[in-house]
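1. Have a look; sequence and predicted model below, questions after that.
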Amino acid sequence: MVDYSKWKSIEISDDEDDTHPNIDTASLFRWRHQARVERMDEMQKSRQELREQMKETEKQLKEVSLKAKASDDNEAKEKLKKLESEKKELEDKELELEKKEKTLPWNVDTISKEGWSK
């Protein structure tokens, strides 16, 4: 038997929607597309910001760990613990973002990717 459950979360069937006669269908589709593109841009922006924060935290963590190894400075060790907890929080945010991306419904823009072009 064929499992069709993966198709239930596709956000494409705009042409099957019944719209009220007073609503301009083309404008409605354009508005939906614009909203979808804005959501995708927002997700991309948050993903990029998270990556930048991860890189910055990794850089600071390396610097502070070298300082902590070089000297027995309690302040450096406290900062190291703080950075490690911050790194853990960022990793949790990254996992949460990945889960959120996996649960997003497919749409016209995300259902397939270009394999190659001429």
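-> It's in.

2. can you map out the strands along the protein?
-> In the chain, no strands are found when defined by DSSP state E.

3. Helices of that one, start to end?
-> 25-70, 74-103 (DSSP state H).

4. Format these as JSON lines; extra columns: mean neighbour count, mean pLDDT and distance to Thr19.
-> To be clear about C-beta, it is placed using only N, CA and C from the backbone, and glycine gets the same treatment. Formatted as JSON lines, the helices of the chain follow (neighbours: other C-beta atoms under 10 Å; pLDDT from 0 to 100; distance: least, C-beta to C-beta, whole Å):
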{"stretch": "helix 25-70", "mean neighbour count": "13", "mean pLDDT": "91", "distance to Thr19": "5"}
{"stretch": "helix 74-103", "mean neighbour count": "13", "mean pLDDT": "91", "distance to Thr19": "27"}
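
5. now the ones you listed as a markdown table including distance to Gly115?
-> Conversion of these to a markdown table gives the following (distance: least, C-beta to C-beta, whole Å):
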| stretch | distance to Gly115 |
| --- | --- |
| helix 25-70 | 20 |
| helix 74-103 | 21 |
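
6. closest to Ile111 out of the ones you listed?
-> With C-beta to C-beta, the closest approach to Ile111 among these belongs to helix 25-70: 12.1 Å.

7. next one: that closest one to chain centre, how far?
-> A distance of 7 Å separates the centroid of the chain from that of helix 25-70, by C-alpha atoms, centre = their mean, to the nearest Å.

8. thinking again about what came up before, quick one: closest of the helices of the chain to Asp109.
-> Closest to Asp109 of those, according to C-beta to C-beta: helix 25-70, at 6.7 Å.

9. So which other helices or strands are in contact with that closest one?
-> helix 74-103 (3 or more C-beta pairs under 8 Å, 6 or more residues apart in numbering; DSSP states H and E).

10. quick check: angle from the helix it packs on to helix 25-70?
-> Relative orientation of helix 74-103 versus helix 25-70 (axes from the mean of the first three to the mean of the last three C-alpha atoms, to 10 degrees): 150 degrees.
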